[in-house]
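Novice: what follows is a predicted protein model with its sequence.
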Amino acid sequence: MTDAAAVTSPLIRLRRVSKVYGTGDATVHALRDVDLDVSRGEFIAIMGPSGSGKSTAMNIIGCLDTPSSGEYFFAGQPVHAMTRNERALLRRNQLGFVFQGFNLLPRTSAQENVELPLLYRGESASARHDAARQALALVGLAGRERHTPSELSGGQQQRVAIARALVSRPAVLLADEPTGNLDSQRSSEIMELLRALNVERGITIVMVTHEADMAAFAGRIVRFVDGHVDSDTPNAMTVLRPPAAVAEAI
């Protein structure tokens with residue numbers, strides 16, 4: 001595929017992707033012939049009941065798992081045909097992850113937590129420091145670089161986790177129940193931040209959530225049922241904030 005075609009085609013493309021666990025009576029069909037496209041700059045929410053396949057789809061998109069059959073293309077590259085090492089490089093260089101648990105090192109400062117992905121890349125100390133400070137400022141935590149997780153609120157800890165996911169400038173931010181451990185006010189603040197990053201920075205976001213009010217921030221909602229895509233619709237009720245509020249959040 002040419003560079004021009006890669007830019008105009010979907011950034012993420014799943015074609016007839018299935019995932020089967022176990023054998024015999026223990027066989028579980030987690031995904032069944034899933035087709036899904038995600039374009040650059042989209043913010044999509046993946047919803048569905050427990051066992052619907054939404055987390056399995058997220059794991060495959062994030063190169064944390066592989067399909068049993070079907071094709072997965074990322075920026076035109078056939079991920080389904082990649083080796084384990086090639087998938088690891090794609091995950092490291094192109095994907096950022098935010099989870100329900102903040103997964104921060106407890107005795108390490110916010111800045112040092114954010115620097116970790118760059119440390120694994122072997123970047124210099126000065127480059128890591130600069131990038132981490134910029135990422136923390138991007139999520140509204142300038143001035144809190146030296147705070148440890150215990151000195152931050154739950155919402156601030158999740159902002160650190162988002163900064164860590166963004167510091168390597170990934171093509172896609174994958175968020176798995178990012179507000180699951182937060183109260184309603186902090187949840188709304190995190191979703192407003194994600195929406196601002198998408199609208200103002202053009203960051204592609206794929207989010208798994210079971211909460212309709214959180215999905216309302218996305219521009220598109222994909223619902224999984226029994227391992228397949230049950231519906232895929234634009235979100236006419238997308239939550240949008242006034243431009244000044246969006247600018248303030250980032």
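Specialist: Thanks, I have it. Residues are numbered from 1 along each chain as shown.

Novice: all helices of this protein, in order?
Specialist: Secondary structure of the chain, counting by DSSP state H: helices at 3-8, 54-61, 84-94, 110-121, 125-138, 154-166, 184-201, 212-215, 243-249.

Novice: now do the longest one against helix 125-138, angle only.
Specialist: Just to be clear, that refers to helix 184-201. Angle, helix 184-201 to helix 125-138, by axes from the mean of the first three to the mean of the last three Cα atoms, to 10 degrees: 110 degrees.

Novice: just the buried positions in helix 184-201, please.
Specialist: Using 16 or more other Cβ atoms under 10 Å as the test for burial, helix 184-201 gives 186-199. Bear in mind the C-beta positions are built from the backbone N, C-alpha and C, glycine included.

Novice: for the chain, give me the ranges with low pLDDT.
Specialist: 1-8, 237-250 (pLDDT under 70).

Novice: what separates the spatially most central residue of it from residue 96, distance-wise?
Specialist: The residue lying closest to the centre of the chain (Cα atoms, centre = their mean) is residue 174, at 1.0 Å. Using Cβ to Cβ, to the nearest Å, residue 174 is found at 7 Å from residue 96.

Novice: ok, now residue 65?
Specialist: Counting by Cβ to Cβ, the separation of residue 65 from residue 96 is 17 Å.

Novice: of those two, who's got more company?
Specialist: Per other Cβ atoms under 10 Å, whichever of residue 65 and residue 96 has more neighbours is residue 96, with 24 against 18.

Novice: contacting residues for the more buried one?
Specialist: 164, 165, 166, 168, 170, 172, 173, 174 (Cβ atoms under 8 Å, 6 or more residues apart in numbering).

Novice: then residue 27?
Specialist: 20, 21.

Novice: so how far is residue 59 from it?
Specialist: As judged by Cβ to Cβ, residue 27 and residue 59 stand 18 Å apart.

Novice: how about residue 184?
Specialist: In terms of Cβ to Cβ, residue 184 sits 28 Å off from residue 59.

Novice: sweet, I'm off.
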